[in-house]
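Novice: Sharing a model that was predicted from the sequence below.
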Amino acid sequence: MEAQQPGGEAPYLRIESVNKRFGDNHVVRDVSLGIARKEIFALLGSSGCGKSTLLRMLAGLETPSTGRIVLDGEDLATVQPHRRPTNMMFQSYALFPHLTVEDNVAFGLRQERPKLARDAIAARVGRMLDLVQMQRYARRKPHELSGGQQQRVALARSLAKEPKLLLLDEPLAALDKKIRQETQLELVHLIERVGVTCIIVTHDQEEAMTMADRIGVMSDGVLLQVGTPDEIYEHPNCRFTAEFIGETNMFNGRLESRGVVCPDFPTPIAIGPAAGVSQGSEVSVSVRPERVLLSREQPENGEGGFINRAAGEVTDIAYLGSYSIYHVRLASGRNVTASVPSARWGDAAPPTWGDPVWVSWKAPAGVVLSR
Amino acid sequence: MSGRRPFMLRGRFWVGMLPWAWLLLFFLLPFALIVNVSLSTADLAIPPYVSPLHATEDGHGVELVPDLSSFRRLADELGSIGEDGADLLYLQAYGNSLLLATLTTLCCLLIGYPFAYHIARSRESVRNVLLMMVMLPFWTSFLLRVYAWMGLLDSSEVGLINQLLLGLGIIDTPLPLLYNTGAVLTGMIYSYLPFMVLPLYANLVKLDQRLLEAASDLGARPITTFLSVTLPLSRNGIIAGAMMVFIPAVGEFVIPDLLGGGDVQMIGRNIWDDFGPNQDWPMAAAVAVVMVLLLIAPIVVFNRSSRREAEEQP
Amino acid sequence: MSRSSSRWGAHSWLVLVFAFLYIPILCLVAFSFTSGEITTQFDGFSLRWYRSLLEDGEIQSAVWLSLRIGALAATAAVVVGTAAAFVLARFRPYFGSSFFAGMTTAPMVMPEVVTGLSLVLLFTHPALSFLGGRGALAIWAAHTTLCAAYAAVLVQSRLREVDRSLEEAALDLGCPPFKVFFLVTVPVIAPALVAAWLLTFTLSMDDFVLAAMLSDPGSTTLPVLIFARLHHGLKPEINALATIIVAIVSIAVLAANHAMLSSQKKRVRAD
């Protein structure tokens, strides 16, 4: 099976049925993936899901147990890591502590065969340090730099050899939260300016959604879903993705012709078109908190007809400025989370603890997932 | 593809072979030779033994004809315990060695643990200076440090301690301080103390101060905190230090020879004498084999604790 | 109040133990300046024993031999020990790896008399005459074996602290495995290698038992000579020698400590 590309052209990097076992431990299970030239792709998953092992196989630091990795028409399986046209930025940055910033950046260039001329190396190092705005610190040792500066040197070092594929292992995990958010977009702009194909491994969904053109969600060694950030968020194809990416309300029930029969609701839950799920099977319905409407009065059926609603009581409110998170307990005892914009209430007083309220959502907001 | 050679195989192979080959030639093979010689017959030759490995009569093979007389000598001593006038030369030496090594280990632990603990708990700048002061005697000549004790303990009126006590009028005649078991024990504690302090320190300095604070916050008294938190956590350090002292102390030769005079028999001296003046190499080898057998358990314990200590490092 | 009294107890314990460690050495040093013949009686200040040390050719050649054996044994031990440390810290467990680990550190605790005896049997074995028999070379090999164990332990603990991604990064940047070791690993663990060299050098300089068992008449190391002199009449000349050794070691340790502290300070300032 050939991995499909959004543009339809043949993918630049093809990962074909790659498996990796460490003894009895099956870490990467039959992963196939195609990535286009100049694409920024994020592998997203919690720690231990196999994403880092997949990245290390691309770098050549691990050998796949079975499967092929083809980059720009070249099969990388038998190519040793130091001969691969890939470069990696390590989570710890792995800056050589005994070398200055410029020697770190020059390290890879000095390994090129045939040898590069001394001034050619110096010129390239200068360009790279300019790119990451670290020219002033060229003569410093890594331990004399801040975390953000180290990150930029590591990036310059991994870009210096103009790799066909740039691998970023948790590129921002070592930074403070504030610097991290600033750096996300900066890093994307830089990668786009250089025009390198890039794979980012991260456990931070916000980072993945900010930086990547497409995201691959991994769990337990399996690549569950590949798609653009909004596809992944709005149309998750499985429970894991729906719960891992953002918050969601998950209702379990059985799919019937009238909708999903769920013990928490007196009437079946109305849903949009449910593809690939057969009648009578056990399913889950995922509803994002921002799709849940909150009102004091019982909501009317909209023009679309189907609207799901239930009465409940406010048990908790988290006021977060522009919006608030309401926790509503339904009559069945089931909790529903709703994210409500603060402007929603206008001049009226918003509901508070213990108030009776109605929760509702439109039929298409509920995504049906097989169990 | 899974059968592909690991990329570092060739370089790694040679890196691994160097220490293996070295230890094979200079540690394992010599050990096999000790066992071999312990089963040989003493002889007036160079080297002074006849190997128990003989060519078979047809000239095609090798057969082992062990001479067990050295081991029989040790077994006879064991059998003659309790008899009048029994010659227990080796047995007494073994007993003495084990006893002195145990005493040395205990004393080093009692002196060294609070010592290492207080160094580990002091401020970092002070800590480095103190540690350096522990190391310093350790880096100076061992023989000369033992020699210093010969002068301190000298039993005549020019012995330094005797001079001091005579001068202060505490004693009238010099005390016989040198050439007895006490002198040997003092010298051993003195020489082996750093071997106890350093592993203990390395362990105790890693101890998270917050654990102790948590324990006292939970209402534990200092002594309870020590017994229930500090002591169990420093177990590996105690084992490593104790074995670093005990094992070499059992085989110690120099200290009993210089400070013990003729009376203090220790197994290291017996091996030395059989190897040197007595020229009975099979006997020396047999005594060594038995000593190694006695020490196998502590050596295994030491290896396990030191490996655990190495792997627990952050 | 109990806190200050426990601190007082801690201080006095430290003082007592340090006194125990240092008084014998201070006595050695003090009596090296006596003008008399007795090593424990001060008959007036003089440097005569230093002068006689200068004129003692036997001691000088023993020192020279010990220095050469020490330097060569330390160098070989750091090479062998680093290779062993690399195997211990970096190789995945293989058949016999725990046996290897045990064997690597065993010479450290094995009673020297046993190691010495076993090596004598090796070097005097009729079938192994190509090893050259007893002598300086045998002492060197024995010291290397003993010292390699210490070097392996020291280097291994440093290797385990090193971020493995440093080596992987070098590999990723196109550096062949063999070069990674010399361009990245060795510079990063260099302080541990220097420390291991210094430690094993002093171990070799200091060793008596192995050297005595393996020496032949032409290869008397300093400890072997000192031991012989301790048995045949003491003279304050030995004290003078001890004083010189103590002085050299103190200066070296102070210098090493100073270098370590200043590099640490530099690191702290960066943070």
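Specialist: Cool, the structure landed. Numbers count the residues shown, from 1 in each chain, chains lettered A, B, ... in the order given.

Novice: Point me to the residue of the stretch 51-200 of chain A nearest chain B.
Specialist: Residue of the stretch 51-200 of chain A nearest chain B, by C-beta to the nearest C-beta: A:Q80 (4.7 Å). Any C-beta I mention is one placed from the backbone N, CA and C, and that applies to glycine too.

Novice: Report the residue spans of the chain with pLDDT below the cut-off.
Specialist: You didn't say which chain, so I picked chain A. A:1-9, A:275, A:302-306 (pLDDT under 70).

Novice: other chain: chain B
Specialist: B:1-11, B:310-314.

Novice: and the helix or strand hosting B:D273, anywhere near chain C?
Specialist: Take DSSP states H and E as the rule and B:D273 turns out to sit in helix B:267-275. Yes - using C-beta under 8 Å from any C-beta of the partner chain, helix B:267-275 reaches chain C at B:G268, B:I271, B:W272, B:F275.

Novice: By neighbours, which of those wins?
Specialist: Within the residues of helix B:267-275 next to chain C, B:G268 tops the neighbour count with 29 neighbours, counted by other C-beta atoms under 10 Å in any protein chain shown.

Novice: What segments of the chain are helices?
Specialist: No chain specified, so I'll use chain A. For chain A, applying DSSP state H gives helices covering A:51-59, A:101-110, A:118-131, A:147-159, A:177-194, A:205-211, A:229-234, A:239-244.

Novice: wrong one, I was asking about chain C
Specialist: Counting by DSSP H, the helices of chain C are C:2-30, C:48-54, C:57-90, C:97-109, C:112-124, C:136-161, C:164-172, C:177-180, C:186-206, C:209-214, C:222-231, C:237-270.

Novice: what's the neighbour count on A:G23?
Specialist: 5.

Novice: by contact count, what packs against the helix holding B:D273?
Specialist: helix B:89-121, helix B:254-259, helix B:281-311, helix C:112-124 (3 or more C-beta pairs under 8 Å, 6 or more residues apart in numbering or on different chains; DSSP states H and E).

Novice: Kindly calculate the angle that that helix makes with helix B:89-121.
Specialist: Here helix B:267-275 points in a direction 130 degrees away from that of helix B:89-121 (axes from the mean of the first three to the mean of the last three C-alpha atoms, to 10 degrees).

Novice: For chain C, give me its nearest residue in chain B.
Specialist: For chain B, C-beta to the nearest C-beta, closest residue to chain C: B:G251, 2.1 Å.

Novice: Any idea how many residues pack against that residue?
Specialist: The number of residues packed near B:G251 is 28, by other C-beta under 10 Å.

Novice: didn't the residue of the stretch 51-200 of chain A closest to chain B look like it was pressed against A:G60?
Specialist: Yes - with contact defined as C-beta atoms under 8 Å, A:Q80 reaches A:G60; the gap is 6.2 Å.

Novice: between the two, who's got more neighbours?
Specialist: Using other C-beta under 10 Å, the more surrounded residue of A:Q80 and A:G60 is A:G60, with 23 against 14.

Novice: Count the residues that sit near C:G218.
Specialist: 9.

Novice: Would you mind measuring from it to A:A106?
Specialist: As judged by C-beta to C-beta, to the nearest Å, C:G218 and A:A106 stand 53 Å apart.

Novice: And for A:R157?
Specialist: 9 Å.

Novice: Among these two, which residue is more densely surrounded?
Specialist: Per other C-beta under 10 Å, whichever of A:R157 and A:A106 has more neighbours is A:R157, with 29 against 22.

Novice: For that one, which non-adjacent residue is closest in space?
Specialist: Spatial nearest neighbour of A:R157, excluding adjacent residues (C-beta to C-beta, 6 or more residues apart in numbering or on different chains): A:V105 at 4.9 Å.

Novice: follow-up on the earlier one: adding distance to C:P126 as columns, could you present the helices of chain A in TSV?
Specialist: Below are the helices of chain A laid out as TSV (distance: least, C-beta to C-beta, whole Å):
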stretch	distance to C:P126
helix A:51-59	55
helix A:101-110	54
helix A:118-131	60
helix A:147-159	60
helix A:177-194	71
helix A:205-211	72
helix A:229-234	78
helix A:239-244	73
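
Novice: nearest to B:Y113, of these?
Specialist: Shortest distance between B:Y113 and those, using C-beta to C-beta, is found for helix A:147-159: 40.1 Å.

Novice: in the closest one, what counts as buried?
Specialist: A:G148, A:Q149, A:Q150, A:Q151, A:R152, A:V153, A:A154, A:L155, A:A156, A:R157, A:S158, A:L159 (16 or more other C-beta atoms under 10 Å in any protein chain shown).

Novice: Just give me the neighbour total for the closest residue to A:G126 other than its chain neighbours.
Specialist: Computed as C-beta to C-beta, 6+ apart, the closest residue to A:G126 that is not its neighbour in sequence is A:Q135, at 7.1 Å. A:Q135 has 15 neighbouring residues, counting by other C-beta under 10 Å.

Novice: quick check: angle from the helix or strand of chain C with the lowest mean pLDDT to helix C:186-206?
Specialist: Lowest mean confidence among the helices and strands of chain C (mean pLDDT, DSSP states H and E): helix C:237-270, at a mean of 79. Per the same axes, to 10 degrees, the angle that helix C:237-270 makes with helix C:186-206 is 160 degrees.

Novice: Which elements pack onto helix C:237-270?
Specialist: Counting by 3+ C-beta pairs under 8 Å, 6+ apart, helix C:237-270 packs on helix B:124-139, helix B:142-153, helix C:2-30, helix C:48-54, helix C:186-206, helix C:222-231.

Novice: confidence score at C:R3?
Specialist: At C:R3, the model reports a pLDDT of 58.

Novice: Touching, A:V217 and A:P229? I think so.
Specialist: No - counting by C-beta under 8 Å, A:V217 does not reach A:P229; the two are 11.0 Å apart.

Novice: Report the set of residues contacting both of those two.
Specialist: Residues touching both A:V217 and A:P229 by C-beta atoms under 8 Å, 6 or more residues apart in numbering or on different chains: none at all.
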